[in-house]
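In: have a look; sequence and predicted model below, questions after that.
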Amino acid sequence: MEAAYFLSFNCIFPLFNRGIFDSRFERQYSDNRPKEIAWYACFNMVMAIGSAILTTCYPMTDPTVPVQYVAEALDSPDDRLLMISHFLPSSTGY
């Protein structure tokens, strides 16, 4: 799903730096998981958009999956959610 997001949506609306996202994504499934709440919001929104793209391209995909990811992303009452600047593209190209 993240590939669908980065190959389509992020090309038009570059919200996230692919390298930074990928490094956190790899850590997501390791013993050294990211601790930032903002990461989980970003992760779930990328997965929501990516799964929505896949649902459109492949109608047999469960159409409720994007909604579930959005709900997860919004289920963070902590104000640290606003620290998403760590994942945004920078002017230095990182």
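Out: Sure thing, it's come through.

In: show me which helix runs longest in this protein.
Out: Longest helix of the chain, by residue count under DSSP state H: helix 37-57.

In: show me what the following helix or strand past it is packed up against.
Out: Once the chain leaves helix 37-57, the next helix or strand it forms, by DSSP states H and E, is helix 65-74. The contact analysis (3 or more CB pairs under 8 Å, 6 or more residues apart in numbering; DSSP states H and E) places helix 65-74 against helix 37-57. To be clear about C-beta, it is placed using only N, CA and C from the backbone, and glycine gets the same treatment.

In: avg pLDDT for the helix it packs on?
Out: For helix 37-57, the mean pLDDT works out to 86.

In: buried ones in that helix?
Out: Judged by neighbour count (16 or more other CB atoms under 10 Å), helix 37-57 contains these buried residues: 37-55.

In: now do the contacts for the residue nearest the centre of the chain.
Out: In the chain, the residue lying closest to the centroid (CA atoms, centre = their mean) is Val46, at 2.6 Å. Contacts for Val46 (CB atoms under 8 Å, 6 or more residues apart in numbering) come out as 1-2, 5-6, 16, 21.

In: nearest to Asp75 among those?
Out: Met1 (18.3 Å; CB to CB).

In: which regions of this structure sit below the pLDDT cut-off?
Out: 60-61, 76-94 (pLDDT under 70).

In: just the closest of the contacts of Val46 to Pro63, please.
Out: Using CB to CB, those come closest to Pro63 at Met1, 13.7 Å.

In: the closest one contacts Met45, doesn't it?
Out: No - with contact defined as CB atoms under 8 Å, Met1 does not count as touching Met45 (11.1 Å).

In: could you measure the closest residue to Cys57 other than its chain neighbours against Pro14, distance?
Out: Spatial nearest neighbour of Cys57, excluding adjacent residues (CB to CB, 6 or more residues apart in numbering): Ala4 at 7.8 Å. For Ala4, the distance to Pro14 (CB to CB, to the nearest Å) stands at 15 Å.

In: also Arg33?
Out: 25 Å.

In: likewise Asn32?
Out: 27 Å.

In: have a look at those two and say which one is more surrounded.
Out: More neighbours surround Pro14 than the other of Asn32 and Pro14, with 12 against 8 (other CB atoms under 10 Å).
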